[in-house]
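Asker: structure of the sequence below:
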Amino acid sequence: MYRLNLPPYDIKITEKAGKRMIFDVLRRKYVALTPEEWVRQHFVHYLMEHKGYPKGLLGNEIELKIGEKRLRCDSILYNKVAAPCMIIEYKAPTIQIQQKTFDQISAYNLLLKVDYLIVSNGLQHYCCKMDYEHQKYLFLQDIPDYENL
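Answerer: Numbers count the residues shown, from 1 in each chain. The predicted structure is shown next:
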């Protein structure tokens, strides 16, 4: 797989029916090892092990419904009263992060109205704090530790 701009962790990979699978600690099961999943698993472990994000407040592949349309957030961080407070969108390391990626995560945020948005392809990471009063988002220099959210 790809070398990422994220710390290593104890990766659990297996093979099932000829396909490589990686263990998702949040979903508690092996999932298909795609380049995007590689980024997701590294990023989630980074948040938990280096930024202090509680495992119990993170969720992967969270489905949202808008009428008949179904959207799927890559990861969501919830606060202590189970309200979403951060949306995280992942891309494969070979995919450049562009405006359409921010448009995608912003569409999810129309429903959730979270405080933070993160976009990562494993090489570049962007974190924005929402400023609803002025209807814009502010790019942060770093991803905040959980205690500073």
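
Asker: which element is the residue nearest the centre of the chain on?
Answerer: Centroid check for the chain by C-alpha atoms, centre = their mean gives Ile88 as the closest residue, at 3.1 Å. Using DSSP states H and E, Ile88 sits within strand 84-90.

Asker: what sits up against the longest helix seen in the chain?
Answerer: Ordering each helix of the chain by length in residues (DSSP state H) puts helix 35-51 first. Applying C-beta atoms under 8 Å, 6 or more residues apart in numbering, the external contacts of helix 35-51 come out as 1-2, 4, 6-7, 9, 11, 22-26, 31, 53-55, 58, 60, 74-75, 77, 88, 90-94, 120-122, 125, 143-146. The way it works is simple: take the backbone N, C-alpha and C, and place the C-beta from them, glycine included.

Asker: tell me the buried residues in the helix or strand just after the strand holding Ile88?
Answerer: Using DSSP H and E, the helix or strand that follows strand 84-90 in sequence is helix 99-112. Residues of helix 99-112 classed as buried by neighbour count (16 or more other C-beta atoms under 10 Å): 101-102, 104-106, 108-109, 112.

Asker: do you know how far the closest residue to Lys55 other than its chain neighbours is from Leu77?
Answerer: Leaving out its chain neighbours, the residue that sits closest to Lys55 by C-beta to C-beta, 6 or more residues apart in numbering is Met48, at 5.6 Å. Met48 is 11 Å from Leu77, where distance means C-beta to C-beta, to the nearest Å.

Asker: secondary structure class of Ser75, three-state.
Answerer: strand (DSSP: H, G, I helix; E, B strand; the rest coil).

Asker: ok, now which ones touch it?
Answerer: By C-beta under 8 Å, 6+ apart, the contact set of Ser75 is 26, 40, 43-44, 58-60, 62, 87-88, 90.

Asker: try it again at 6 Å.
Answerer: For Ser75, the contact set (C-beta atoms under 6 Å, 6 or more residues apart in numbering) comprises 60, 88.

Asker: thinking again about what came up before, settle it for me: which of Met48 and Leu77 has more neighbours?
Answerer: Leu77 (21 against 18; other C-beta atoms under 10 Å).

Asker: hang on, the earlier thing: and the contacts of helix 35-51, which are buried?
Answerer: Among the contacts of helix 35-51, the ones that count as buried by 16+ other C-beta under 10 Å are 1, 4, 6, 22-24, 26, 53, 58, 60, 74-75, 77, 88, 90-91, 93, 120-122, 125, 143-144.
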